[in-house]
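> this one's sequence-less:
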């Protein structure tokens, strides 16, 4: 992170060209990579072919001999897939300032480890031993990073948000735009109720406990809107103390990781359908990557754990609608409103923040645009097919390979979460921020559960069917 | 910044051009103004 000094009466940094952002920000690179893959897949599909050869993914296996046969049979495809990902993410990483010679060896290790985890998840006994790939990736990563440690050369390849945003753009190809239009408003209503309640509780408790208002607002947005992204967006908008932003980040990450394990466990115990569980996780998880790990884990239970209804995809779809459409896209509005309050109502600091409606767009999570474009394009292409033809032609040749790409991208992200979570590097939190945030977590989880399982349960169940 | 690398949000669009004010030890938006720096610079 750059240290910046400021001059009186002038903005800190000269405004850069808005077009430059298209190649300087991770969000845009996730769009270029995701939509680029979709464009190639569409071109091949239109020519009567398919991208599925390179979108290789492990299949179910029972014995090590099956596994070794799969690897032998598809070795060239796995190598080609690595080259494809390495080129795509390598170009993006280079544009973001990471030297390609440092990125490639690190990404090779990430790809190999993600492949092992993906294969392990396809073992026919994996569900029996709770070896769901997201949990294995996360658990393994946490164990390594907090015991023996992660070698520094791996750091350039551990890009949680880059991978997860690319995966979300690809996810758009599997979600019809009509479904987004149908479910989006409900997701927005549910998410808004929970976001406002969670923010209100964290902020009110924080101020009551004597926390600085800027810290309370940063904590509140981290818990209510979109995790670390929410905390840093509002922290910057209101001019919070550097240490306070660190405290908010630490709390968000710790609780996000706890929730990855806890939410699917409770949902499984209550035999919630995949649609309902996905909506609950989308309402009550803090970070996109962490929530997708929990939702994908739960989706994996469908068909493997008795009593869990709904399709595997429904958990991830409901989560994405709730989290991305219901919560993430509003971060700019939160930042703008809170910066307005900070500049007009709160005590002054040495730094004078400026409040501008442009914040709403400037802080908008742009990768959401890629998600919507992907959905619109594939919906348009699929329009000429009836359901039977869609299942026979479009699904295997176009949508399924894109889903395989998405699963790879998510697995890279899940592994990176664990490997970058070094608890000893977290800021000392302090009791008062901890209590304020934790009370908000409790309210968030209970309210999200109530809305998902009682108020909107029919709706989320239908999504799963 | 401790913990920020965990979910790599520092590279996200939501961060804009925010950075750290070395004078006030605050995390601030690029459009923020700071009179203290001016006084120090003129002194």
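That came through, no problem. Source: prediction; values computed, not measured.
> Show me which parts of stretch A:82-99 are buried, residue by residue.
A:84, A:85, A:86, A:88, A:89, A:90, A:91, A:92, A:93, A:95, A:96, A:98 (16 or more other CB atoms under 10 Å in any protein chain shown). Using the backbone N, CA and C atoms, a C-beta is placed for each residue, glycine as well.
> could I get these as CSV with secondary structure, distance to chain B and pLDDT?
Supplementary listing: those in CSV, determined by DSSP: H, G, I helix; E, B strand; the rest coil; distance: CB to the nearest CB, whole Å; pLDDT from 0 to 100:
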residue, secondary structure, distance to chain B, pLDDT
A:84, helix, 22, 98
A:85, helix, 17, 98
A:86, helix, 18, 98
A:88, helix, 16, 98
A:89, helix, 13, 98
A:90, helix, 15, 97
A:91, helix, 15, 97
A:92, helix, 10, 95
A:93, helix, 10, 94
A:95, helix, 11, 93
A:96, coil, 6, 90
A:98, coil, 10, 92
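> of those residues, closest to residue A:206?
Residue A:206 lies nearest to residue A:96 out of the buried residues of stretch A:82-99, by CB to CB, at 33.9 Å.
> all helices of the stretch 151-300 of chain A, in order?
Secondary structure of the stretch 151-300 of chain A, counting by DSSP state H, counting those that start in this stretch: helices at A:160-172, A:177-208, A:213-221, A:227-238, A:242-269, A:274-284, A:288-301.
> And those: which comes nearest chain B?
helix A:227-238 (3.3 Å; CB to the nearest CB).
> Any regions of the stretch 1-150 of chain A where pLDDT drops low?
By pLDDT under 70, the weakly predicted segments of the stretch 1-150 of chain A are A:1-18.
> for chain B, same thing?
Ranges of chain B meeting pLDDT under 70: B:2-9, B:36-43.
> Please enumerate the strands of it.
Remark: strands assigned in chain B by DSSP state E are B:19-21, B:26-28, B:33-34.
> can I get those in a markdown table with distance to chain A and mean neighbour count?
Below are the strands of chain B laid out as a markdown table (distance: least, CB to the nearest CB, whole Å; neighbours: other CB atoms under 10 Å in any protein chain shown):
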| stretch | distance to chain A | mean neighbour count |
| --- | --- | --- |
| strand B:19-21 | 4 | 22 |
| strand B:26-28 | 5 | 28 |
| strand B:33-34 | 4 | 22 |
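> now the helices for chain B?
B:35-42 (DSSP state H).
> just to revisit the earlier point, mean neighbour count for the helices of the stretch 151-300 of chain A - can I get that in JSON lines?
Output for the helices of the stretch 151-300 of chain A, formatted as JSON lines (neighbours: other CB atoms under 10 Å in any protein chain shown):
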{"stretch": "helix A:160-172", "mean neighbour count": "30"}
{"stretch": "helix A:177-208", "mean neighbour count": "19"}
{"stretch": "helix A:213-221", "mean neighbour count": "28"}
{"stretch": "helix A:227-238", "mean neighbour count": "32"}
{"stretch": "helix A:242-269", "mean neighbour count": "23"}
{"stretch": "helix A:274-284", "mean neighbour count": "32"}
{"stretch": "helix A:288-301", "mean neighbour count": "29"}
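> Quick one: the helices in the stretch 1-150 of chain A, in order.
So, for the stretch 1-150 of chain A - with DSSP H, counting those that start in this stretch - the helices run A:26-46, A:64-73, A:75-95, A:100-121, A:133-146.
> circling back: just the closest of the buried residues of stretch A:82-99 to residue A:172, please.
residue A:88 (16.9 Å).
> That closest one touches residue A:33, doesn't it?
Yes. Residue A:88 lies in contact with residue A:33 (CB atoms under 8 Å); the separation is 4.7 Å.
> rewinding a little: right, so of the helices of the stretch 151-300 of chain A, which gets closest to residue A:148?
Nearest of the helices of the stretch 151-300 of chain A (CB to CB): helix A:242-269, 19.0 Å.
> Against which helices or strands is that closest one packed?
In terms of contacts (3 or more CB pairs under 8 Å, 6 or more residues apart in numbering or on different chains; DSSP states H and E), helix A:242-269 is packed against helix A:133-146, helix A:213-221, helix A:227-238, helix A:274-284, helix A:288-301, helix A:431-450, strand B:26-28.
> Reformat those as TSV; add distance to residue A:340.
As requested, these are exported to TSV (distance: least, CB to CB, whole Å):
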stretch	distance to residue A:340
helix A:133-146	38
helix A:213-221	12
helix A:227-238	9
helix A:274-284	26
helix A:288-301	26
helix A:431-450	22
strand B:26-28	16
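> between these, which one is nearest to residue A:372?
helix A:288-301 (15.5 Å).
> Downstream of the closest one, the next helix or strand is which one?
Helices and strands here follow DSSP states H and E; after helix A:288-301, the next one along the chain is helix A:312-320.
> How about the contacts made by residue A:259?
A:281, A:284, A:285, A:286, A:290, A:291, A:294, A:445 (CB atoms under 8 Å, 6 or more residues apart in numbering or on different chains).
> Quick one: neighbours of the fourth one, just the number.
Summarising burial for residue A:286: neighbours were counted as other CB atoms under 10 Å in any protein chain shown, giving 32.
> Off-centre distance for stretch A:393-404?
Centroid displacement of stretch A:393-404 relative to its chain, using CA atoms, centre = their mean, to the nearest Å, is 22 Å.
> How about stretch A:329-337?
18 Å.
> close to chain B, is it?
Yes. Judged by CB under 8 Å from any CB of the partner chain, stretch A:329-337 comes into contact with chain B at A:331, A:332, A:335.
> which parts of that stretch are buried?
A:329, A:330, A:331, A:332, A:334, A:335, A:336, A:337.
> quick check, nearest of those to residue B:34?
Using CB to CB, residue A:335 is the member of these that lies nearest residue B:34, at 19.6 Å.
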